[in-house]
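Asks: Sequence first, predicted model second:
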Amino acid sequence: MDAQSPRLMQALSNRVRPSDASYRQKLVERAAQLDDVIMMGLGDPDAPTPRHVVEAVAAAISEGRVKYTHPAGMPPLRQAIADYLARVYGLDYAASEVIVTAGTQEAVMLCMLALVDPGDEIILPAPRFTSYDTAIRMLDGVLVPVQTREEDGFALRPDAVEAAITDRTKAVVVVTPNNPTGAVTPPDAIRAIAEICRRHDIVAISDEIYAALLFDGAEHLSMATLPGMRDRTITINGFSKSHAMTGWRIGYVAAPAQVIARLIEPRHTLSISASTPSQHAALAAATGPQSAVDEILDTYVARRKVLLAGLDALGFTYGTPAGAFYVYVNVSSWGMPATRFCERLLEEARVMVQPGMLFADPDDRYVRFSLLQTEERIREALDRMREAMPRIRV
Ligand SMILES: Cc1ncc(COP(=O)(O)O)c(C=O)c1O
């Protein structure tokens, strides 16, 4: 407890309990004390934001188009997102069925605010992006994890989803491709999960933030395109990962108009409207050439090849990632839990990766690598690991 403000600490609500983020902080702080650490586990694309996006924002700013917007977003951007979703994923939303948020992160919170009453159960995969955990907990909901496994390439299995359903289940969240595993839930499994949602009368939340990043011919199927699913699905997405636009903070929720109408007031309460210059950026990203996305993807393909070959040579196994820019690696062959592995690797090789514990994985054997360093740096990280292996492995 902070000795300076004990009264204030006692006054804090249960909603702001401490979390595992402190472990991430511990690793980051240690990395900052070391020289030339290669960050191999990050989730922030290294590519620059596409040029035409930056130019569109510069023009908007110099013309003074920087006032508040409608809380749901600028009308042309809502339309552009609806068009983009139709063009890229075959989704059928009108502009009035899109609400623009401050990053996909805010879309996650908004979705949970919209759905979770105390005691409601929300099914999610493990491991996962744990902002869902915080959002659900803050609303006194109950997160029901469904473990995904290396032998299935960490894909979410419909039978496991169905087994997790109770009479308190309100929704299942499908994140495909997933963070931190890069697993794509294949179209057949999406169809099966949709069928389960219909049969048990539950809602689907489809987090498609990595859907533009697929490898080896993997296919993405958007839940809300399936029969009977548009009315029971909330689709969330954003520009951070696909368009290398993390710092611009633009995401969105797409859902039937009556649902979106109910989200406008809570969205206004959170931050009135998403940043206006950033909305101009997103408009350019959604309407302009998509060649930058393809170029970024080509880079990931090449890096993925290098990283997977290097991990193979070092004797690791992993679920072959079919999308996103992560590889979820089983480090048990080095004779220690994943948390220890991360600490030792940082000290001995100055390579930083993130343990599965930061992704709510109860199985302490896995760490997240990512493809967000140049090929040269990835090779160097692998060389350092090879060199440090005799000192680390037990
Ligand atoms: C699955 C998932 N959803 C949402 C987000 C939030 O993304 P944004 O940067 O758009 O807020 C992330 C970020 O890592 C993520 O991995």
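Replies: Sure thing, it's come through.
Asks: Residues of this protein that sit close to the ligand?
Replies: 43, 103-105, 108, 129, 175, 179, 207, 209, 238, 240, 246, 251 (CB under 6 Å from any ligand atom). Glycine gets a C-beta too; all of them are placed from N, C-alpha and C.
Asks: In the stretch 251-394 of the chain, which residue sits closest to the ligand?
Replies: Closest to the ligand within the stretch 251-394 of the chain is residue 251: 4.4 Å, counting by CB to the nearest ligand atom.
Asks: doesn't that residue fall inside a strand?
Replies: Yes: the assignment for residue 251 is a strand, going by DSSP: H, G, I helix; E, B strand; the rest coil.
Asks: Run through who's touching the helix or strand where residue 24 lies.
Replies: Following DSSP states H and E, one finds residue 24 within helix 21-33. Applying CB atoms under 8 Å, 6 or more residues apart in numbering, the external contacts of helix 21-33 come out as 37, 39, 339, 342, 343, 346, 347, 352, 354, 355, 357, 358.
Asks: Go again with 6 Å.
Replies: Applying CB atoms under 6 Å, 6 or more residues apart in numbering, the contact partners of helix 21-33 are 37, 352, 358.
Asks: Is the second one bridged to anything, and to what?
Replies: What that stands for is residue 352. Assessed by DSSP bridges, residue 352 has beta-bridge partners residue 39.
Asks: was I right about it contacting residue 34?
Replies: No: here residue 352 lies out of contact with residue 34, judged by CB atoms under 6 Å, at a distance of 8.9 Å.
Asks: who's more crowded, the two?
Replies: residue 352 (22 against 11; other CB atoms under 10 Å).
Asks: before we move on, back to that, and the residue of the stretch 251-394 of the chain closest to the ligand, what does it touch?
Replies: So residue 251 contacts 101, 103, 104, 107, 238 (CB under 6 Å, 6+ apart).
Asks: Might you specify the subset of those located within helices?
Replies: When the contacts of residue 251 are checked against helices (DSSP state H), the matches are 103, 104, 107.
Asks: count of residues packed around the closest residue to residue 184 other than its chain neighbours?
Replies: Sequence neighbours aside, residue 322 is the residue nearest to residue 184 in space, at 4.0 Å (criterion: CB to CB, 6 or more residues apart in numbering). Number of residues near residue 322 (other CB under 10 Å) recorded here: 25.
Asks: Got the phi and psi for residue 322?
Replies: Phi and psi for residue 322, reported as degrees, to the nearest 10, are phi -100, psi 0.
Asks: Now residue 294: which helix or strand?
Replies: helix 291-313.
Asks: Now the helix or strand where residue 109 lies: average pLDDT?
Replies: In this structure, residue 109 sits in helix 103-115 according to DSSP H and E. The average pLDDT within helix 103-115 is 97.
Asks: same deal with stretch 248-264?
Replies: Mean predicted confidence for stretch 248-264 is 97.
Asks: Can you tell me which residue of this protein sits closest to the ligand?
Replies: residue 103 (2.8 Å).
Asks: roughly how far apart are that residue and residue 265?
Replies: According to CB to CB, to the nearest Å, residue 103 stands 20 Å off from residue 265.
Asks: Who has more neighbours out of the two?
Replies: Neighbours were tallied for residue 103 and for residue 265 using other CB under 10 Å; the higher tally belongs to residue 103 (23 against 9).
Asks: residues contacting that one?
Replies: Contact analysis of residue 103 by CB under 6 Å, 6+ apart lists 249, 251.
Asks: For this structure, which segments count as helices?
Replies: 6-11, 21-33, 51-62, 75-89, 103-115, 131-138, 158-163, 187-200, 257-271, 276-287, 291-313, 338-349, 375-392.
Asks: Straight-line length of stretch 164-184, end to end?
Replies: Distance between the boundary residues of stretch 164-184 (CA to CA, to the nearest Å) amounts to 20 Å.
Asks: so how far is that stretch off the chain centroid?
Replies: Its chain's C-alpha centre and that of stretch 164-184 lie 12 Å apart, by CA atoms, centre = their mean, to the nearest Å.
Asks: now stretch 322-330
Replies: With CA atoms, centre = their mean, you get 12 Å for stretch 322-330.
Asks: Also stretch 298-305?
Replies: Offset of stretch 298-305 from its chain centre (CA atoms, centre = their mean): 19 Å.
Asks: For it, could you pull out the residues that count as buried?
Replies: Buried residues in stretch 298-305, counted by 16 or more other CB atoms under 10 Å: 299, 300, 303, 304.
Asks: about what we covered before: show me just the buried residues among the residues of the chain next to the ligand.
Replies: Buried members of the residues of the chain next to the ligand, counted by 16+ other CB under 10 Å: 43, 103-105, 108, 129, 175, 179, 207, 209, 238, 240, 246, 251.
Asks: The residues you listed: which two are farthest apart?
Replies: 175 and 246 (17.0 Å; CB to CB).
Asks: Show me the chain divided up by domain.
Replies: Taking automatic domain parsing as the reference, the chain has its domains at 6-48+292-392, 66-287.
Asks: Just give me how far the first one sits from the chain centre.
Replies: From the chain centre to the centre of domain 6-48+292-392 is a distance of 15 Å (CA atoms, centre = their mean).
Asks: How far does it stretch from one end to the other?
Replies: This stretch, domain 6-48+292-392, spans 42 Å end to end (CA to CA).
Asks: I'd like the average pLDDT over that domain.
Replies: pLDDT averaged over domain 6-48+292-392 gives 95.
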